[in-house]
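J.: Just the structure for this:
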Amino acid sequence: MSETRPQIDARLVVDVTPALIFSARPDGYLDYFNERWLEWLGVPLDALTGWAWIELIHPDDRDEHVRRWQVAVASGSPAISEARVRRASGEYRWMLHHTVPMRDDSGNIVRWFGSSVDIEDLKLAEGKIRSAEKELRTIIETIPAYVWTATPDGAVDFSTESWFERTGLGGGKAIGWTWTENLHEDDRERVISAWREAVATGDPLDHELRMRNAQGEYRWILVRAVPLRDDSGAIARWYGTITDIDDRRRAEEELRKLKDQLYNENIALRDEISQASMFEEIVGSSAPLRRMLSLVTKVARTDSTVLITGETGTGKELIARAIHKRSLRASRPFVSVNCGAIPPSLITSELFGYEKGAFTGAIQRHLGRFELADRGTIFLDEAGDLPPEAQVALLRVLQERTFDRVGGSKPVGVDVRVIAATNRDLDKGVADGSFRDDLYYRLSVFPIHVPPLRDRTGDIPVLVQYLTQRYSANVGKKIRNVSRRTMDVLTEYKWPGNVRELQNVIQRAVILCDSETLVVDETWLQNRRAKETTGSRSLGRPTIREEKEMIESALAGSSGRVAGPAGAAAKLGIPRSTLESRIRSLRIDKNRFRSSR
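T.: Just a heads-up that it's a prediction; the model follows:
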């Protein structure tokens, strides 16, 4: 005998279930709420059917809740909505409503069934979390630094609002890696590389960089980041801060410049002191010397570049120092460089300095002579000996007032007056390609020729007396006179070594002198004349008349031309500048020989 299954009243089952159940017709007309719902609401069923239930929804949630229900009915899609519902006590509580359609075999909706769940406690917890987040954000915003976070792969996912305002990177522009677009172009590669390395190694980051703010200004900032690790040691998140250090950096830069200036001036001062005895004071009153000093006076107060020409030993550096001392830069450094005494491979690093690691042995940054002379004067002696690469760098300084240290990547600005000197024929150097013509024109803005001692014979007696007194005082002797014969010999001698040679002769004579009268051994000068005679042709003639005749003959043979392969200077075997000086001194009119071609 088979067992008969009992009849089950589905409505009774729904009524006794603790869940809040409701149902509606296909058009959305609610016609059933279970007993649990009626008890919770405290109203009879006939007060809820149809659309009457809407009155129990919180006014702030009503429109949205009804809209969602109407959209679900129209589309036949399930509906999920959160809304506050007034219960029997008059209290509104958050409920989560979930409604699904029931369809027949043809797919038509025959009924809607729904359930509601009380989520008030969950909403309160979410509210507390949001309140805590708001409080935390407020605290973060008050920190005197900008705060940010990033995912383990280094992509920024949060930043304080104050940082958005500062950079103008609102609307998510600072999220991910887009913040790199605001980095200074000179820092971008370095900063991105450092951040990627930190992400890869997990090491904290501490980096200084420049970033553009909302006003388009680049300012220095200090970025620090530390990783947060989980229990397994893996990085779960990065936390970082940003601090504006632009004012500090500017102060440090000003302090560095001040220190460099003091350092430069101290070095230049020591150099000037050590070099002060290289040449004697300008002594004499001859016409050639007065003309030259007149040019010195006129150019000194300007910032024009000066090219001093003249034979070895004429005192070109002394003239350069005289220009500096009478200039507006007199209180600033005077730096002297003998370009001919520095190996060609080192001249560039000596003039312009080098960075640490630029070459083997460069263990720290080295300031070049141009930086030491900043706001002062640099004297380039023997500038005609500069190698081609140094000529290019010097030309850039004269044109742009900037240069690059060896091994450096950033141009260095400098304010320096350049005075150059040479005993070479730069016109010939330009012609044979050993000296750049554009550099020559830049250097010879204001040329000054220092006359050789043989062209200012009237100054020789005064120089002899001056040098005798100076050197005798140095060695503690009292030499009161110079023998007449010595003075005649010294005056008649042509002094190929110029003032420097005279200085050496007098110093030697003072050391050997045992009386109050200075005497120079004539054999010292005779030996010098003998060597000159066996060498190339020179202008050392016994008389001025013979010298004048030789020059006029050479000019006649070259149709009045001084320079060039067929010029008079080449015929005589002497520098063009020397011949020009002798022509002026002897008052020879070279133009009259041009008609004799």
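J.: now this protein, which segments are flagged as low pLDDT?
T.: The model of the chain has pLDDT under 70 over residues 1-18, 131-145, 169-174, 259-281, 526-544, 565, 595-597.
J.: Heading C-terminal from the host helix or strand of residue 121, find the next helix or strand.
T.: Secondary structure assignment for residue 121, by DSSP states H and E: helix 120-142. Remark: after helix 120-142, the chain's next helix or strand is strand 146-150, criterion DSSP H and E.
J.: my guess is residue 308 is in a strand, correct?
T.: Yes - the assignment for residue 308 by DSSP: H, G, I helix; E, B strand; the rest coil puts it in a strand.
J.: Tell me which residues touch it, please.
T.: Residues in contact with residue 308 (Cβ atoms under 8 Å, 6 or more residues apart in numbering) are 316, 319, 320, 419, 420, 421, 422, 447, 448, 449, 450. Heads up, the C-betas are built off the backbone N, CA and C, glycines and all.
J.: any idea how far the residue lying closest to residue 71 once chain neighbours are set aside lies from residue 114?
T.: Leaving out its chain neighbours, the residue that sits closest to residue 71 by Cβ to Cβ, 6 or more residues apart in numbering is residue 79, at 7.3 Å. For residue 79, the distance to residue 114 (Cβ to Cβ, to the nearest Å) stands at 8 Å.
J.: Quickly list what's touching both of these two.
T.: Joint contacts of residue 79 and residue 114 (Cβ under 8 Å, 6+ apart) are 97, 98, 99.
J.: now, among those, which is nearest to residue 195?
T.: residue 98 (46.5 Å; Cβ to Cβ).
J.: tell me the secondary structure for that closest one?
T.: Three-state assignment for residue 98 (three-state DSSP): strand.
J.: Next, work out how far apart it and residue 303 are.
T.: Counting by Cβ to Cβ, the gap from residue 98 to residue 303 is 88 Å.
J.: do residue 464 as well
T.: From residue 464 to residue 303 the distance is 37 Å (Cβ to Cβ).
J.: Tell me which of those two has more neighbours.
T.: residue 464 (22 against 14; other Cβ atoms under 10 Å).
J.: which SSE is residue 313 in?
T.: Judged by DSSP H and E, residue 313 forms part of no helix or strand.
J.: what helices or strands is the helix or strand harbouring residue 40 leaning on?
T.: Using DSSP H and E, residue 40 sits in helix 35-41. Applying 3 or more Cβ pairs under 8 Å, 6 or more residues apart in numbering; DSSP states H and E, we find helix 35-41 packed against helix 10-16, strand 20-24.
J.: Give me the next element, helix or strand, following it.
T.: Once helix 35-41 ends, the next helix or strand along the chain (criterion: DSSP H and E) is helix 59-75.
J.: and the very next helix or strand once past that following helix, which residues are buried?
T.: Downstream of helix 59-75, the next assigned helix or strand under DSSP H and E is strand 79-86. Across strand 79-86, burial judged by 16 or more other Cβ atoms under 10 Å covers 79, 81, 83, 84, 85, 86.
J.: Check stretch 194-201 too.
T.: For stretch 194-201, by 16+ other Cβ under 10 Å, it's 194, 195, 198, 199.
J.: Now, the residues you listed that are in helices?
T.: Of the buried residues of stretch 194-201, the ones assigned to helices by DSSP state H are 194, 195, 198, 199.
J.: Let me know the closest of those to residue 126.
T.: For those, the nearest to residue 126 is residue 199 (32.9 Å; Cβ to Cβ).
J.: how far away is the closest residue to the closest one other than its chain neighbours from residue 202?
T.: Distances taken as Cβ to Cβ, 6+ apart put residue 154 closest to residue 199, at 4.0 Å, once the chain neighbours are dropped. Look at residue 154 and residue 202: by Cβ to Cβ, they are 11 Å apart.
J.: Please apply the same query to residue 463.
T.: 78 Å.
J.: between the two, who's got more neighbours?
T.: residue 463 (20 against 14).
J.: dump the residue contacts of that one.
T.: By Cβ under 8 Å, 6+ apart, the contact list for residue 463 reads 280, 283, 284, 499, 502.
J.: And for residue 444?
T.: 305, 307, 426.
J.: Go ahead and build a PyMOL selection from the buried members of the residues you listed.
T.: PyMOL command restricting the contacts of residue 444 to the buried ones, with burial defined by 16+ other Cβ under 10 Å:
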select buried, resi 305+307+426
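J.: about what we covered before: for residue 572, state which of the contacts of residue 308 is nearest.
T.: Of these, the one sitting nearest to residue 572 (Cβ to Cβ) turns out to be residue 449, at 17.8 Å.
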